[in-house]
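J.: how would this look folded up:
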Amino acid sequence: MILRPPETIYLIGIGGAAMAPLAGMLAERGYQVTGSDTGVYPPASTLLASLGVAWKDGFREENLTPAPDLVVIGNAVSRGNPEVEYVLDRKIPYCSLPEALKEFFLPGHETIVVTGTHGKTTTTSLLAWIFEVAGRRPDFLIGGLAENFGKHYGLGGGREFIIEGDEYDSAFFDKAPKFLHYRPDELIVTSLEFDHADIYADLAAIELQFRRLVNLIPRRGRIVCWGDSPTVRQAVAHAFCPVEMYGLDGGNDWIAGDLAFVEEATHFRVARRGEERARIRLGMAGRHNVLNALAAIAIADGRGISREAIERALATFRGVARRMQIRGNAGGVIVVDDFAHHPTAIRATIEAARSRWPGRRLWVAFEPRSNTMRRRIFENDLTLALALADGAVLGPVNRAQLLDDSERLSPQRVVAQLRSGGRAAQAANSAEEIVDYLAGELREGDVVLVLSNGSFDGLCEKLLARLAAKTALLHETSS
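T.: Below you'll find the predicted structure:
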């Protein structure tokens, strides 16, 4: 596949979390980029608009006339899509997103791939920022908006390409995980749990893919992984390259200790095999973020980045959009937006909120939207995670009609279990119903975590508007 700018590249599913940044990267390289999608919302829609990339709302054959030189097909697109059928019928050249990255952007770089069930986006963002502060001008691609860069990607032209490696499949015609295409020189494994129940039968099926990835690391490479997890340790057990473990327990090569959350930041010390390597101030809460930072530090240290640059980068790290992002404060209620959509991530987010806002009542609004969380398989784990909050409200199961009753998660069952444990809980049929419920329950000083891997129908904005209106009415009435 040899294409030279300004040849045309068309992206089917251009609004995807990685597809929109890919569009930007291709446009920045001089290609003529267009595409199509449906239901695109920020940050993808705003990114495409800022890049001046024109795209069509809806999938139609006529969108592909005249025929582009190459079509990139997103992994959310399947057979039956009119544009896919048109591409196949007319033999228009096509590839998947990871194939496009491997062809157009990875050659000539040393690739650092960040993988794991949880923490990939934050860890990739931390790592890219450390390299940027150190003057290494990294190329990078992140599955979220890195606040320090103001975008999802960067083409600095440096030696390293830092990329978030997803274990989800690549396309309908390529069922291998995306990360197998990236051929890492160095690898981070943050965690390994069962997820993506729509494409993996069980944890063993996911472990197999991680072992295949580990087998691709060259002998001169390196793996940095979370050593507190037996599952992760097992996945890297037969690596042909050096492996360094990180964690909070003793037995790891890299250890974070003396954790304290003070003045809106987490402070901790980092040691490698008994030798102090850094003293960190990180403007984020939660043990999970300490682990994310520890993984990034281990990679950066091993690639010759100074302690001073690492400490300065973490002290100035501004986080990732929709990761514990405060969206507003109305009537004394703080509304926080977060991407968490797996029971483990939900639990970690709630625990982080407890450390950041100690003593406050904590509410969670959760949308069962991901292909895993729409299913019943994690229903009990979800209940246990939500029980860590003072109250919870669940939205409707996204695309519920596509699942049988026997395999679909039931918000009503979760609510019943939470209530039996003494927690306030409610199931709602819409964002508007959630706003109605919370507006009657919230009081000054409360914190609301809005958890979804989608837009949740603008719940954050709707809740803040209602709380502001309620406060204004109270003030008007009292005066």
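
J.: State the three-state secondary structure for residue 439.
T.: helix (DSSP: H, G, I helix; E, B strand; the rest coil).

J.: just for this protein, where's the confidence low?
T.: For the chain, the stretches flagged by pLDDT under 70 are 1-2, 479.

J.: all helices of the stretch 201-350 of the chain, in order?
T.: For the stretch 201-350 of the chain, applying DSSP state H, counting those that start in this stretch gives helices covering 203-214, 230-235, 287-302, 307-315, 343-356.

J.: Format these as TSV; extra columns: mean neighbour count.
T.: From N, CA and C alone the C-beta is placed, and that goes for glycine too. Formatted as TSV, those follow (neighbours: other Cβ atoms under 10 Å):
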stretch	mean neighbour count
helix 203-214	17
helix 230-235	17
helix 287-302	24
helix 307-315	18
helix 343-356	21
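
J.: Residue 94: which of the ones you listed is closest?
T.: For residue 94, the closest of the helices of the stretch 201-350 of the chain is helix 203-214, at 23.4 Å, according to Cβ to Cβ.

J.: the domain parsing of this structure - what is it?
T.: 8-100, 105-315, 325-478 (automatic domain parsing).

J.: got TSV for the helices of the stretch 201-350 of the chain, with distance to residue 406 too?
T.: Listed next are the helices of the stretch 201-350 of the chain as TSV, based on distance: least, Cβ to Cβ, whole Å:
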stretch	distance to residue 406
helix 203-214	21
helix 230-235	28
helix 287-302	33
helix 307-315	47
helix 343-356	20
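
J.: Of the ones you listed, give the one that comes closest to residue 329.
T.: Going by Cβ to Cβ, the one of those nearest residue 329 is helix 343-356, 13.8 Å.

J.: Can you tell me the strand partners of the helix or strand following the closest one and which way each runs?
T.: Where DSSP states H and E defines the elements, the next helix or strand beyond helix 343-356 is strand 362-366. Applying DSSP bridges, strand 362-366 is found paired with strand 391-394 (parallel), strand 447-451 (parallel).

J.: what about those, which gets the closest to residue 196?
T.: strand 447-451 (18.0 Å).

J.: Mind naming the longest helix for this protein?
T.: The single longest helix within the chain, with elements called by DSSP state H, is helix 459-478.

J.: which other helices and strands contact that one?
T.: Here helix 459-478 touches strand 325-330, strand 333-338, helix 431-441, strand 447-451, going by 3 or more Cβ pairs under 8 Å, 6 or more residues apart in numbering; DSSP states H and E.

J.: Give me the angle between it and strand 447-451.
T.: On the basis of axes from the mean of the first three to the mean of the last three Cα atoms, to 10 degrees, helix 459-478 is oriented at 150 degrees to strand 447-451.

J.: ok, and for stretch 454-463, which residues are buried?
T.: Neighbour-count burial for stretch 454-463 flags 456, 457, 459, 460, 461, 462, 463 (criterion: 16 or more other Cβ atoms under 10 Å).

J.: CSV please, covering the strands paired with strand 362-366 and showing mean neighbour count.
T.: Shown next, in CSV, are the strands paired with strand 362-366 (neighbours: other Cβ under 10 Å):
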stretch, mean neighbour count
strand 391-394, 25
strand 447-451, 25
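
J.: of all these, which lies closest to residue 277?
T.: strand 447-451 (33.2 Å).

J.: what does the closest one contact?
T.: If you take Cβ atoms under 8 Å, 6 or more residues apart in numbering as the criterion, strand 447-451 is touched by 327, 333-341, 346, 349-350, 353, 357, 360-367, 389, 438, 442, 456, 459-460, 463.

J.: Narrow the residues you listed to those that are buried.
T.: 327, 333-341, 346, 349-350, 353, 357, 361-367, 389, 438, 442, 456, 459-460, 463.
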